[in-house]
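>>> Below are the sequence and a predicted model; questions follow.
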Amino acid sequence: MKICYRCKSAINIDEISFRTECPSCRTDLHVCLNCIFYDPMKSNSCREPQADFVREKDRANYCEYFRFNEKNEKKSSKEEAERLWRELFKKG
């Protein structure tokens, strides 16, 4: 499921173009903060080494490598850790 980085609402749009906006908060969707390659720990905050530098990560850009980061659901790190613990030690 696609989720807007800003308002956290679900996005029911199949194709995200350079100028697509979130139906809820009207913010741009083709932004680094919504991209699967966005990683603040990497150089230029991007895991795609061939991508051009984008200064404003929350503004629309024309990056050809953009792929919307589809998240199924937001879980806290505690919930995720508990799930992994149960999975590791499940009986069966």
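That came in fine, so what should we check first?

>>> where does the protein have low pLDDT?
Within the chain, the stretches with pLDDT under 70 are 72-76, 91-92.

>>> can we see that at 90?
Residues of the chain meeting the criterion pLDDT under 90: 1, 43, 70-92.

>>> all strands of it, in order?
Along the chain, the stretches classed as strands by DSSP state E are 2-3, 10-11.

>>> Rebuild these as CSV, extending it with distance to residue 86 and mean neighbour count.
For glycine as for every other residue, the C-beta is placed from the backbone atoms N, C-alpha and C. Listed next are those as CSV, based on distance: least, C-beta to C-beta, whole Å; neighbours: other C-beta atoms under 10 Å:
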stretch, distance to residue 86, mean neighbour count
strand 2-3, 25, 18
strand 10-11, 27, 15
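
>>> now the ones you listed as JSON lines including distance to residue 36?
Listed next are the strands of the chain as JSON lines, based on distance: least, C-beta to C-beta, whole Å:
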{"stretch": "strand 2-3", "distance to residue 36": "11"}
{"stretch": "strand 10-11", "distance to residue 36": "14"}
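
>>> residue ranges for the helices of the protein, please.
77-88 (DSSP state H).

>>> Can you check which of the strands of the chain gets nearest to residue 64?
strand 2-3 (19.0 Å; C-beta to C-beta).

>>> which residues make contact with that closest one from outside it?
The contact list for strand 2-3 (C-beta atoms under 8 Å, 6 or more residues apart in numbering) reads 9-13, 16, 34, 68, 70-71, 74.

>>> pull the CA atoms of stretch 2-11 into CSV?
C-alpha atoms of stretch 2-11 as CSV (Å, rounded to 0.1, in the frame of the first residue of the first chain):
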residue,chain,number,x,y,z
LYS,A,2,1.3,3.4,-0.9
ILE,A,3,1.4,5.9,2.0
CYS,A,4,2.0,9.6,1.9
TYR,A,5,5.2,10.6,3.8
ARG,A,6,3.5,13.8,5.1
CYS,A,7,0.0,12.9,6.2
LYS,A,8,0.4,9.1,6.4
SER,A,9,-2.8,8.6,4.4
ALA,A,10,-3.2,5.7,2.0
ILE,A,11,-2.7,6.5,-1.7
